[in-house]
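Student: I would like the atomic coordinates for the input below:
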Amino acid sequence: MRPGRWSAFTATQSYTISPPGFVWNAIVRLAPFIPIRVRDAYENGEGSLSATILRFIRVAHERGTVQMAEGELQRYLAECVWLPSALLPASGVSWHAIDDDSATAMMSDGMTTISMVAHFGSSGEIVRLSAIRPRAMNGAFVPTLWTVHVGDYARRDGMMVPTTGRVEWNPPSGPVPYFRATPTDIHYDFAP
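Tutor: Below is the predicted model of the structure:
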C-alpha cells in the first residue's frame, strides 16, 4: 500500500486453536501485472512475515524473534473474533474486567505471553481491540499502540462474527490505518 492509497488484495487464512496459530496468504496488486505475495503466520510458537514481488524479489522477511512471536500472537488473539470458541478460557484465554465496557484478554503460548484490551458494544459484542504491539520501523521494533476495529456482526457457518474489520497503528502523531477487509467466506471444521 502506498501512503494515501489502498491496494486491492485477495487472501486466505487458516487458524488452529490448539496449538494457537494461523497462516495468512495474500496477493496484493500494486499494478495489473505486479503482484506482491505476502505470507504472515504464527506457527509452532514462532511469528513470521515474508513478502515477494513477482515470486522471487524479496521485499520483506522477518522470523524467529521474540517481537515477531509477540506481534503475531497478538494478531492471532485479535482475529479470534472470527473464531469465537478460541476466546474461551478452555482455549487458554483469561479475561479480567476493566469496567462495564472493556476487559483485558491474556494468553500464553510457550515462552510468549501477550495481552490486549477488548471493548464491547451495547449487545456485548467485541467492537474494538487494542494492545501495545511491536512495530517494525527502520530495522527495529518499536512498541506502538495498535487498534483493531470490527463490526457488522452476522451469522456465518453457525457463528456470530464481524463482517468488517480495519486495523491501524496509533503512534503519538495520530492514527495510521493500514488494513481493512471484508471476509467473504468463512468455514469452520469442528472437532468430532
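
Student: helix, strand or coil for the nearest residue to residue 12 once chain neighbours are set aside?
Tutor: Leaving aside its chain neighbours, residue 12 sits nearest to residue 25 (5.5 Å; criterion: C-beta to C-beta, 6 or more residues apart in numbering). In this view, the C-beta of every residue, glycine as well, is placed from N, C-alpha and C. What DSSP: H, G, I helix; E, B strand; the rest coil gives for residue 25 is strand.

Student: Tell me if I'm right that residue 25 and residue 39 touch.
Tutor: Yes: using C-beta atoms under 8 Å, residue 25 is in contact with residue 39, at 5.5 Å.

Student: Just give the number of residues close to the residue nearest to residue 12.
Tutor: 14 (other C-beta atoms under 10 Å).

Student: Pull the contacting residues for it.
Tutor: Listed by C-beta atoms under 8 Å, 6 or more residues apart in numbering, the contact partners of residue 25 are 11-13, 37-39.

Student: dump the residue contacts of residue 156.
Tutor: Under the criterion of C-beta under 8 Å, 6+ apart, the neighbours of residue 156 are 163, 183, 186.

Student: Check residue 126 too.
Tutor: Counting by C-beta under 8 Å, 6+ apart, residue 126 has contacts 81, 118-120, 150, 162.

Student: Could you identify the buried members of these?
Tutor: 81, 118-119, 150, 162 (16 or more other C-beta atoms under 10 Å).

Student: by contact count, what packs against the one helix or strand residue 70 maps to?
Tutor: Per DSSP states H and E, residue 70 falls inside helix 66-79. With contacts defined as 3 or more C-beta pairs under 8 Å, 6 or more residues apart in numbering; DSSP states H and E, helix 66-79 has these neighbours: strand 9-16, strand 21-31, strand 34-43, strand 46-53, strand 102-109, strand 112-120, strand 126-137, strand 140-151.

Student: buried stuff in the third one?
Tutor: The neighbour-count criterion (16+ other C-beta under 10 Å) identifies 35-38, 40-42 as the buried residues of strand 34-43.

Student: Over to the last one?
Tutor: The neighbour-count check on strand 140-151 (16+ other C-beta under 10 Å) flags 141, 144, 146-150 as buried.

Student: Can you get me a residue count around residue 96?
Tutor: Residues near residue 96, counting by other C-beta under 10 Å, number 10.

Student: What residues are bridge-paired with it?
Tutor: Applying DSSP bridges to residue 96 gives these bridge partners: residue 104.

Student: Can you give me the end-to-end span of stretch 29-38?
Tutor: End-to-end distance of stretch 29-38: 11 Å, with C-alpha to C-alpha, to the nearest Å as the criterion.

Student: cool, stretch 6-25 as well?
Tutor: Start-to-end span of stretch 6-25 (C-alpha to C-alpha) is 18 Å.

Student: and what of stretch 31-49?
Tutor: Stretch 31-49 has an end-to-end distance of 22 Å (C-alpha to C-alpha).

Student: same thing with stretch 152-160?
Tutor: First-to-last residue span, stretch 152-160, C-alpha to C-alpha: 10 Å.
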